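Participant: sequence and predicted structure, then a few things I'm wondering about:
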Amino acid sequence: MRREGGDKVTGRARYTDDLVVPGAWYGKTVRSTIPHGSVRSITFDPAFDWSKVVVVTAQDIPGANVVQLIRDDQPALSAGQIRHREEPILLVAAPTRATVAAAAAAIHIEYDALEPVFDIDLATETYSTIEIIKGDVDAALRGVDVVVERTFKVGLQEQLYIEPQGAIAIPESGGAIRIIGSLQCPYYVHRALKRALKLTDEQAIVVQAETGGGFGGKEEYPSIVAIHAALLARKAGRPVRLIYDRHEDLAATTKRHPGVIRHRTAVRRDGTLVAQDIEIVLDGGAYCTLTPVVLSRAAIHAAGPYACPNVRIRARAVATNTPPNGAFRGFGAPQSLFAAELMVEHVAERLGISSLDLRKKWMLRVGDTTATGQKLTESVSSDLVLDAALKAAGPAQPPNRPTARRGRGLSLVYHGSGFTGSGEKKLGGKVAVEASADGRFTVLTASTEIGQGTKTIFCQLAADALGVGMDKVVVAPQDTSLVPDSGPTVASRTAMIVGGLIHEAAVELREKLAKRRPPQWPLRVEKTYVQPDRIHWDDQTYRGDAYPVYAWACTIVDVEVDMLTGEVRVVDLVSAVDCGKAIHPVMAEGQIEGGMLQAVGWATIEEIKMKEGGYQNDRLATYLIPTALDAPRIRTILVENPYSGGPFGAKGIGELPMDGPAPAIIAAIHDATGVWLDEVPATPEKVLAACNSR
Amino acid sequence: MQFTLNGTTVSLDVVGTRRLLDVLREDLNVTGTKEGCGEGECGACSVLIDGQVVNSCLVAAGQVDGCDVLTVEGLAWGDDRLSRLQQMFIERGAAQCGICTPGMLLAAHALLEQNPRPSEDEVRTGLAGNLCRCTGYTKIIDAVLQCRR
């Protein structure tokens, strides 16, 4: 049973905008209307009574004008330079929404425009490059039987958590500022707040409110919302609510990185895989955000779950003048796996053999090495998930509608659990478990519940280790003044890494309690993550164990393509998933199904068209996500192949479901119509154009 | 103005053109009803007015004068006696992040009142105005199907 389920079904759960904070003003962000240039002048309409409001500019920032993340390139507020549409320039706050809207409308900004760059081929600035080399691709390409080349394109995607971004900043005694917000990573916000507001560890207090979805969208962006709310609260000397509406959220916040992926695959006539030569270019947008890390995951997953002796992956992320792209479930892997999986289809078609047979011939098994040279030693589930999905899919059906053609596609993907390479080691995530005198236990962690059921599985893991009922265990609030830094709630790491730490801490606590009565309560056991010695990774060469382990999925999709309208409907979706061990099967299935549908949306209807550096699809009326009517009945088959390093064998599950559906859908469209799209989203206009140009 | 909210009569002196959503959330502090888009696309603000599902972001408060309004807070029988639909939402994993849940519950409640034995397709149609980004809908639909009479 879900821990916080009761509050969520009765309306008692308090999300940021539900919180009543006496005396709070309303904040608003004034943003640029051009994609590139500089601010020439800012005029405050003298007809407006400015004494009723507060206005914050870059000059009001007490610390560094930086949104702390990887690079220090993104200012909290523009200091004059404009690098993208919707870039924050000023902040205003007022006692009422009407007044703050009127104040924002009474500010006139003039610009000196510069030529923007939107085309990744014309971009001159690079955020990062990665090269992964295995064997000798050039040598392997000489004299090989068959070389297949294709180029794939992937589009922007909005996370579309149903609760928009928002934070409330409350000034407290001693110069402290409390942030209560919708966020995934309290300590990211904590660090950003300290830096920009020049606060000590104790003066910056970050508390997660109930959070209405994240999907990566609330990994790094909440730092900006929090800094803005804090600046306004500091200047106003009172609490300020900064809650985005949907339009602002869609227009201004981060999206999934779009990009282009080129593949050259060399094979022998019998299908033997000889070489993969892959080039990835991702569009990072106007500031770096998490782009180098997204690129890293894209590159590491780019060869797909296949064993190839010669691999070259060259990846780069470039700067353009669109709003910055950032974290989104899958973090680059959906993009590169989309290309890798379709490449199997293209090679199979060229050779005249089935893509299923080709996958079985190529796929990684225990003892094989990946593109980074990682030898897979356990919990490798290619055969398991493939067999389970094929068994469940059943025979193909005729189309339901006379104008439609039906087709089937399959994909096989794997996704690394936890941070890449030495990431977990550098991070050193911490948790604590406490026992009180009354026989109750508290789990202290900064890992957040954003819908996945974190609190429930943490209680399960702790209760199991302590040998008590789940009702004896509570999870402390995600408040940086109370809980240690467990690392961010991202990267499919929460159950496997943080859950594992909680389990370890609880085991130790039980042992201590069994020995003797503690001299004082509460009795606390803290644990810091220590990377197992067997994991070796070299950040310079990109060689070694990229992830402790991988989760696996085979997805089979049936689509109907309406030959008159070009509309693609996913009518059946079966996915066999190996997450090691499903700690809570119902919640694991739910997370998988939601991720699958998010991927269906990316592959079919979620399209963002650009106009002068802004998104045309900036409302829910124009940015469409799947409804209950669009969604197929998603069938999840949990295949459990335990991992020795996870709690009860668990591996990460959060991102994997985002990887499989898109390539399977494109393969199914080809099966139905005979045309290859090689890009997502496969919108009706693209499908019709492809069919007509045949 | 006066209306019935979750079985209790409320009298208010408010500008009739304000959104029902804001009056519920801000004047009455009934915050289970959520704002997801503010333009009637997402259904997070769904409430029932005389048994009909509406987006409370598109309804002027004055329009509910004399009406019977049901929000998520009115679904349970008292503090701890959840309705069968609420129980099934918890049991079947139909609530993940929970932000769409109040609206989803009300749309499902209205559907079951009007059609006590809906088919899966009828459930999908009945919930088509309520967006969920977490579940893929399968678990929500299963929860509603469990409540067929």
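Facilitator: Sure thing, it's come through.
Participant: and B:Thr9, what are its bridge partners?
Facilitator: B:Thr4 (DSSP bridges).
Participant: just give the number of residues close to B:Gly7.
Facilitator: The burial metric for B:Gly7, expressed as a neighbour count using other C-beta atoms under 10 Å in any protein chain shown, is 9. No exception for glycine: its C-beta is placed from N, CA and C like everyone else's.
Participant: for it, what are its contacts?
Facilitator: By C-beta atoms under 8 Å, 6 or more residues apart in numbering or on different chains, the contact set of B:Gly7 is B:Gly74.
Participant: for B:Val64, which non-adjacent residue is closest in space?
Facilitator: For B:Val64, the nearest residue in space outside its immediate sequence neighbours is B:Phe3; the separation is 4.8 Å by C-beta to C-beta, 6 or more residues apart in numbering or on different chains.
Participant: number of residues surrounding residue 121?
Facilitator: No chain in the question, so chain A it is. Neighbourhood size, A:Asp121 [other C-beta under 10 Å]: 8.
Participant: to clarify, I was referring to chain B.
Facilitator: The criterion is other C-beta under 10 Å. On that basis, B:Asp121 has 10 neighbouring residues.
Participant: then A:Gly80?
Facilitator: The number of residues near A:Gly80, taken as other C-beta under 10 Å, comes to 12.
Participant: surely it and A:Val39 touch.
Facilitator: Yes - when contacts are counted by C-beta atoms under 8 Å, A:Gly80 is listed as touching A:Val39 (5.2 Å).
Participant: pLDDT at the closest residue to A:Ile637 other than its chain neighbours, what is it?
Facilitator: With C-beta to C-beta, 6+ apart as the measure, A:Ala576 is the residue that lies nearest to A:Ile637, at 4.3 Å, once sequence neighbours are left out. As predicted, A:Ala576 sits at a pLDDT of 98.
Participant: also A:Gly423?
Facilitator: Value for A:Gly423, per-residue pLDDT: 92.
Participant: go on, A:Gln208?
Facilitator: Residue-level confidence at A:Gln208 comes out at 98, pLDDT.
Participant: tell me the contacts of A:Thr16?
Facilitator: Under the criterion of C-beta under 8 Å, 6+ apart, the contact partners of A:Thr16 comprise A:Glu163, A:Gly166, A:Ala167, A:Ile168, A:Ile180, A:Gly181, A:Ser182, A:Ala209, A:Glu210, A:Ile243.
Participant: hang on, the earlier thing: give me the element the residue nearest to A:Ile637 is part of.
Facilitator: In this assignment (DSSP states H and E), A:Ala576 forms part of strand A:568-578.
Participant: note down every partner strand of that strand and its orientation.
Facilitator: Checking strand A:568-578 against DSSP bridges gives partners strand A:550-562 (antiparallel), strand A:634-639 (parallel).
Participant: now those strands in a markdown table, with mean pLDDT and distance to A:Glu86?
Facilitator: Output for the strands paired with strand A:568-578, formatted as a markdown table (pLDDT from 0 to 100; distance: least, C-beta to C-beta, whole Å):
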| stretch | mean pLDDT | distance to A:Glu86 |
| --- | --- | --- |
| strand A:550-562 | 98 | 35 |
| strand A:634-639 | 97 | 34 |
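Participant: and the helices in the stretch 301-450 of chain A, which stretches?
Facilitator: A:333-351, A:355-362, A:382-393, A:423-427 (DSSP state H, counting those that start in this stretch).
Participant: secondary structure class of A:Leu183, three-state.
Facilitator: Secondary structure assignment for A:Leu183 (DSSP: H, G, I helix; E, B strand; the rest coil): coil.
Participant: ok, now the one 5 residues further on?
Facilitator: Judged by three-state DSSP, the three-state class of A:Tyr188 is helix.
Participant: return the residues in contact with it.
Facilitator: With C-beta under 8 Å, 6+ apart as the criterion, the residues that contact A:Tyr188 are A:Leu69, A:Glu219, A:Glu220, A:Pro222, A:Ser223, A:Pro488.
Participant: now the first one: phi and psi?
Facilitator: Right, the one you point to is A:Leu69. Its backbone dihedrals place A:Leu69 at phi -160, psi -110, with angles given as degrees, to the nearest 10.
Participant: can you give me the neighbour number for it?
Facilitator: Applying other C-beta under 10 Å, we find 21 other residues in the vicinity of A:Leu69.
Participant: before we move on, what about the second one?
Facilitator: Residues near A:Glu219, counting by other C-beta under 10 Å, number 27.
Participant: and the nearest residue to it once chain neighbours are set aside, how close does it get to A:Val490?
Facilitator: Leaving aside its sequence neighbours, A:Glu219 sits nearest to A:Ala327 (C-beta to C-beta, 6+ apart; 4.0 Å). The gap separating A:Ala327 from A:Val490 is 7 Å, by C-beta to C-beta, to the nearest Å.
Participant: over to A:Glu131?
Facilitator: Applying C-beta to C-beta, the value for A:Glu131 to A:Val490 is 25 Å.
Participant: more neighbours: which of the two?
Facilitator: More neighbours surround A:Val490 than the other of A:Glu131 and A:Val490, with 26 against 12 (other C-beta under 10 Å).
Participant: secondary structure element holding the more buried one?
Facilitator: Take DSSP H and E as the rule and A:Val490 turns out to sit in neither a helix nor a strand.
Participant: surely it meets A:Lys218?
Facilitator: No - using C-beta under 8 Å, A:Val490 makes no contact with A:Lys218, being 9.9 Å away.
Participant: mean confidence for the longest helix seen in chain B?
Facilitator: Among all segments of chain B classified by DSSP state H, the helix with the greatest residue count is helix B:101-114. In this model, helix B:101-114 carries a mean pLDDT of 98.
Participant: so what does that helix touch, helix or strand wise?
Facilitator: helix A:5-10, strand B:46-49, strand B:52-55, helix B:84-91, helix B:120-126, helix B:138-145 (3 or more C-beta pairs under 8 Å, 6 or more residues apart in numbering or on different chains; DSSP states H and E).
Participant: dihedrals phi and psi, A:Val92?
Facilitator: According to degrees, to the nearest 10, the main-chain angles of A:Val92 amount to phi -130, psi 150.
Participant: distance-wise, check the closest residue in space to it that isn't next to it in sequence relative to A:Gly237.
Facilitator: Leaving aside its sequence neighbours, A:Val92 sits nearest to A:Ala103 (C-beta to C-beta, 6+ apart; 4.6 Å). Distance of A:Ala103 to A:Gly237, given as C-beta to C-beta: 17 Å.
Participant: who's more crowded, the two?
Facilitator: Regarding A:Ala103 and A:Gly237, a neighbour count based on other C-beta under 10 Å identifies A:Ala103 as having more, with 24 against 9.
Participant: re the thing from before, buried stuff in whichever strand or helix holds the residue nearest to A:Val92?
Facilitator: Here A:Ala103 is covered by helix A:97-105, with elements defined by DSSP H and E. Going by neighbour count (16 or more other C-beta atoms under 10 Å in any protein chain shown), the buried part of helix A:97-105 is A:Thr99, A:Val100, A:Ala102, A:Ala103, A:Ala104.
Participant: ok, now stretch A:626-638?
Facilitator: Taking 16+ other C-beta under 10 Å as the neighbour-count basis, stretch A:626-638 is seen to contain the buried residues A:Pro626, A:Thr627, A:Ala628, A:Asp630, A:Ala631, A:Pro632, A:Arg633, A:Ile634, A:Arg635, A:Thr636, A:Ile637, A:Leu638.
Participant: with stretch A:537-548 instead?
Facilitator: Across stretch A:537-548, burial judged by 16+ other C-beta under 10 Å covers A:Trp537, A:Tyr542, A:Arg543, A:Gly544, A:Asp545, A:Ala546, A:Tyr547, A:Pro548.
Participant: kindly export that stretch (C-alpha atoms) in PDB.
Facilitator: Presented in PDB, the C-alpha positions along stretch A:537-548 are these (Å, rounded to 0.1, in the frame of the first residue of the first chain):
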ATOM      1  CA  TRP A 537      36.100   4.100 -14.700                       C
ATOM      2  CA  ASP A 538      38.400   6.600 -16.400                       C
ATOM      3  CA  ASP A 539      36.700  10.000 -17.000                       C
ATOM      4  CA  GLN A 540      39.500  11.000 -19.400                       C
ATOM      5  CA  THR A 541      39.400   8.000 -21.800                       C
ATOM      6  CA  TYR A 542      35.700   7.000 -21.300                       C
ATOM      7  CA  ARG A 543      36.900   3.500 -20.700                       C
ATOM      8  CA  GLY A 544      35.700   1.100 -18.000                       C
ATOM      9  CA  ASP A 545      32.500   0.400 -16.000                       C
ATOM     10  CA  ALA A 546      30.200   3.100 -17.100                       C
ATOM     11  CA  TYR A 547      27.400   1.900 -14.700                       C
ATOM     12  CA  PRO A 548      27.400  -0.600 -11.900                       C
END
